[in-house]
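Can you look at this prediction? I've put the sequence above it.
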Amino acid sequence: MIESRHDIVIVGAGSAGCVLANRLSADGTLRVLLLEAGGADRNPFIHMPAGIARLVDDPDIDWRYHTEPEPHLDGRRLYWPRGRVLGGSSSINAMCYTRGQPADYDDWAARGNPGWDSASVLPYFLRMEDHWRGASAWHGAGGPLAVSRGSACNPLSRVFVAAAQSLGIPLNDDFNGARQEGVGFYDVTQRDGRRCSTAVGYLRPARVRPGLEVRTRARTLRVLLEAGRAVGVEYLEGGSLRTARADREVILCGGTIGSPQLLMYSGIGPAAALGAAGLPVAHDRPGVGANLQDHLDVCTLYRSLQPVTYDFNALQQAWVGLRYLLTRSGPGASNVAEAGAFLRSSVAEDSRPDIQLHFVPAQLDDHGRHRLPGHGFTVHACALRPRSRGRILPAGSDPLAAPRIEARYLVEPSDLDCLLEGIAVSREIVAQSPFDAFRGREIFPGADARDRDALHAFVRRKAESIYHPVGTCRMGPADDPGAVVDARLRVHGVEGLRVVDASVMPRIVSSNTNAATIMIAERASDWILAGP
């Protein structure tokens, strides 16, 4: 078996792993190995913002997960795309940059996680940003992650913002500023019309450092444990089994699915589930794989009376691509979800928004995998603080097999109530006069779906993930049996092992999750550099 030796081994070159690779290799004193199961981010559609339409379901860059049949969604297996490429999901997402609400992080701290309150994490958001507004109390400048106001804007996105204002929803020019509530345009992780993933912003400038080694197409199978300590990992590369020893730490950045999966195949997890899958138990930790949360999303979709949307035919797509190649402008520079809103439902726990809208000036059905004829537009609505909880479980003893994902959407009735209000407000916005010249037939839910039973049936039939799974290695005190890592993200009961990614969130943030994941890695890097 081929063996190498390092100070730190990072598993997963996604949103968090690329950040750590940069920060931990910066002073040149640490030997850092970064392992990525996918390949390099060479696909040109990764870097062209509107190219996200071409990235859907691509097995070369996407894990293409599916949930188990969901009992509250007509037994459907929901599609969960996750990045399998340098940059991870930051290389395939819609680039919306939203941090969440200060109360989200204050809640993390209140659950026994000191150092994660909003005042403590804000400096790390500022450190990571190169924000188009410049440095201020709310934004950072000069950081690795470019945050810009999208250079492309469809006329219908402006109509959506105007229509929401007609309904009385206040204009918000900065969802990451003093308040989140309102309607406006999203900031995006782009620079000069190109996607700025963590692979671009963090990893690319760090790869020239002699202390950093990056290996792609390297699938980690398990963490190596000796006397209660993580001492390295075993991985497959080019058909060969290899071992990477870590003198200081092993850090898992595999994401909400990959990190608990790797822990369980290393013998760390709920003993009963490991035993049922034929896996040995090295450390019984029942919280591994539990606490799974995600934002469930429903789409209200209309035909457009005017051909102004991004529903392009093949010839138009070629022109969009050529224009983008030559000028980095036009529809090719759009993240597609250009505008949106944060709103408060009647079932909200407090005065904070609990519904997020993404407006798409195109017909989007089944993650864009189902193309509809003609022109149309879509209003996405998701429940920001779901109460339903799912879990990740091993599917068997094969570490290369996809795990079982039981999302358990809508187990809690209040989640459905919030989604139904999301549909209602989507319809109200589109009913306003700014849409009069564009509003055609309602395709989904459909004009006949008006009462609660009909809308509930629609949700069961059509709701999908908006790709924000978190929580399966949640942080918490050692005496909390559901906690997997402590406040410094060290795995309880195992020395030399951390988890740094979206899986450590105790509760999902009230927004898109990528910015929070990058912040988590920034925060963790200081603790790692300071030593155990």
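Yep, that arrived.

ok, the nearest residue to G332 once chain neighbours are set aside - how many residues close by?
Excluding the flanking residues, the one nearest G332 by Cβ to Cβ, 6 or more residues apart in numbering is Y324, at 2.8 Å. C-beta here means a position set from N, CA and C on the backbone, and glycine is covered the same way. Other residues near Y324 come to 23 when the count uses other Cβ atoms under 10 Å.

Let me see the contact set for Y324.
Contact analysis of Y324 by Cβ atoms under 8 Å, 6 or more residues apart in numbering lists M48, A50, G193, G330, P331, G332, A333.

again, only this time at 6 Å
Taking Cβ atoms under 6 Å, 6 or more residues apart in numbering, we find Y324 in contact with M48, G330, G332.

ok, now I429?
Applying Cβ under 6 Å, 6+ apart, the residues contacting I429 are A163, A164, L167.

same question, A141
G134, A135.

nearest residue to D74 other than its sequence neighbours?
D74's closest residue in space is R460 (Cβ to Cβ, 6+ apart), at 4.7 Å.

Now do the host helix or strand of the one you found: which elements does it pack against?
Here R460 sits within helix 452-462, counting by DSSP states H and E. Of the remaining helices and strands, none touches helix 452-462 by 3 or more Cβ pairs under 6 Å, 6 or more residues apart in numbering; DSSP states H and E.

so what strands line up beside the helix or strand just after that helix?
Using DSSP H and E, the helix or strand that directly follows helix 452-462 along the chain is strand 464-465. Strand 464-465 has these partner strands in its sheet, going by DSSP bridges: strand 296-304 (antiparallel).

and the direction of the strand it pairs with versus that of helix 452-462, what angle?
Here strand 296-304 points in a direction 100 degrees away from that of helix 452-462 (axes from the mean of the first three to the mean of the last three Cα atoms, to 10 degrees).

Which is the succeeding secondary structure element to strand 296-304?
The C-terminal neighbour of strand 296-304 among helices and strands, as given by DSSP H and E, is helix 314-327.

That next one - what's its average pLDDT?
Helix 314-327 shows a mean pLDDT of 90 in the predicted model.

Tell me which residues of that helix come out buried.
Q317, V320, G321, Y324 (16 or more other Cβ atoms under 10 Å).

quick one: which two of the residues you listed are the most distant?
The largest separation in the buried residues of helix 314-327, counting by Cβ to Cβ, is between Q317 and Y324 at 10.6 Å.

hmm, back to that, between the buried residues of helix 314-327, which is nearest M95?
Taking Cβ to Cβ as the measure, Y324 is the one of the buried residues of helix 314-327 closest to M95, at 14.9 Å.

any idea how far R371 is from that closest one?
20 Å (Cβ to Cβ, to the nearest Å).

Check A337 too.
Computed as Cβ to Cβ, the A337 to R371 distance reads 18 Å.

Please list all residues in contact with V159.
P434, F435.

how close does it get to A362?
V159 is 14 Å from A362, by Cβ to Cβ.

Same question for A178.
On the measure of Cβ to Cβ, A178 and A362 end up 32 Å apart.

So the two - more neighbours on which side?
Counted by other Cβ under 10 Å, A178 and A362 do not tie: A362 has more neighbours, with 25 against 8.

quick one: average pLDDT of stretch 194-205?
98.

quick one: it to chain centroid distance?
Averaging C-alpha positions (Cα atoms, centre = their mean, to the nearest Å) puts stretch 194-205 16 Å from its chain's average.

buried sites along that stretch?
R194, R195, C196, S197, T198, A199, V200, G201, Y202, L203, R204.

try stretch 442-453
Using 16+ other Cβ under 10 Å as the test for burial, stretch 442-453 gives E442, I443, F444, P445, A449.

Quick check: bridge partners of the first one?
Put plainly, it is E442. Going by DSSP bridges, E442 is paired in beta bridges with Y302.

May I ask which helix or strand encompasses R54?
helix 52-55.

Run through who's touching that helix.
Here helix 52-55 makes contact (Cβ under 6 Å, 6+ apart) with F45, I92, G368.

what's the answer for stretch 382-402, then?
221, 260, 264-265, 273, 277-279, 289-293, 295, 297, 354, 356, 403-409, 411-412, 414-415, 418-419, 466, 472, 510.

In strands only, show me the residues you listed.
If you go by DSSP state E, those have L221, D297, Q356, R404, I405, E406 in strands.

So what's the residue count around the closest residue to the fourth one other than its chain neighbours?
Going back to what we said before, that points to R404. In space, and not counting its chain neighbours, R404 is closest to L393: 4.3 Å by Cβ to Cβ, 6+ apart. Neighbour count for L393, taken as other Cβ under 10 Å: 22.

and L393, what pLDDT?
L393 is assigned 98 on the pLDDT scale.

Check the gap between it and Y265 for me.
Applying Cβ to Cβ to L393 and Y265 gives a distance of 12 Å.

got it, and R523?
27 Å.

repeat for V159
V159 sits at a distance of 50 Å from Y265 (criterion: Cβ to Cβ).

ok, now V336?
According to Cβ to Cβ, V336 stands 36 Å off from Y265.

same deal with V494?
The value you get for V494 to Y265, if Cβ to Cβ is used, is 14 Å.

likewise D436?
57 Å.

the more surrounded of those two?
Higher neighbour count among D436 and Y265: Y265, with 24 against 11, using other Cβ under 10 Å.

Model confidence for that one, exactly?
98.

Same question for L372.
Taking L372 on its own, its pLDDT is 87.

The residue nearest to D74 touches P71, doesn't it?
No. Using Cβ atoms under 6 Å, R460 is not in contact with P71, being 9.9 Å away.

of these two, who's got more company?
R460 (18 against 14).

Residues in contact with the longest strand along the chain: which ones?
Across the chain, the longest stretch assigned as strand under DSSP E is strand 240-252. Residues from elsewhere that reach strand 240-252 (Cβ under 6 Å, 6+ apart): 1-11, 33, 223, 230, 232-235, 259, 262, 496-500.

rerun that using 7 Å as the cut-off
Applying Cβ atoms under 7 Å, 6 or more residues apart in numbering, the contact partners of strand 240-252 are 1-12, 20, 33, 223, 230-235, 259, 262, 496-500, 528.

Drop the exposed ones from those and show what's left.
For the contacts of strand 240-252, a neighbour count by 16+ other Cβ under 10 Å gives the buried set as 6-12, 20, 33, 223, 230-235, 259, 262, 496-500, 528.

Return the subset of these lying in helices.
L20, S259, L262, I528 (DSSP state H).

Quick check: pLDDT value at the first one.
Residue-level confidence at L20 comes out at 98, pLDDT.

Help me confirm that it comes into contact with A521.
Yes. Contact criterion Cβ atoms under 7 Å: L20 and A521 qualify, at 5.4 Å.

shared neighbours, those two?
Residues touching both L20 and A521 (Cβ under 7 Å, 6+ apart) are V500.

the strands in the stretch 101-250 of the chain, which residues?
Assigned by DSSP state E, counting those that start in this stretch, the strands in the stretch 101-250 of the chain fall at 129-131, 145-149, 182-185, 187-188, 190-191, 194-195, 212-215, 218-226, 229-237, 240-252.

contact partners of the fourth one?
Read that as strand 187-188. Residues contacting strand 187-188 (Cβ under 7 Å, 6+ apart): M95, C96, Y97, V147, S148, R149, G150, N176, N335.

Touching, the third one and S148? I think so.
No. Under the criterion of Cβ under 7 Å, Y97 is not in contact with S148, lying 8.7 Å apart.

Looking at these two, which one has more neighbours?
Y97 (24 against 19).

can you tell me which residues contact that one?
Y97 neighbours (Cβ under 7 Å, 6+ apart): V147, Y186, D187, V188, T189, A515.

Show me the beta-bridge partners of the residue nearest to it when sequence neighbours are not counted.
Leaving aside its chain neighbours, Y97 sits nearest to D187 (4.4 Å; criterion: Cβ to Cβ, 6+ apart). With DSSP bridges applied, D187 shows beta-bridge pairing to R149.

D187 and R285, how far apart?
Taking Cβ to Cβ, one finds D187 at 38 Å from R285.
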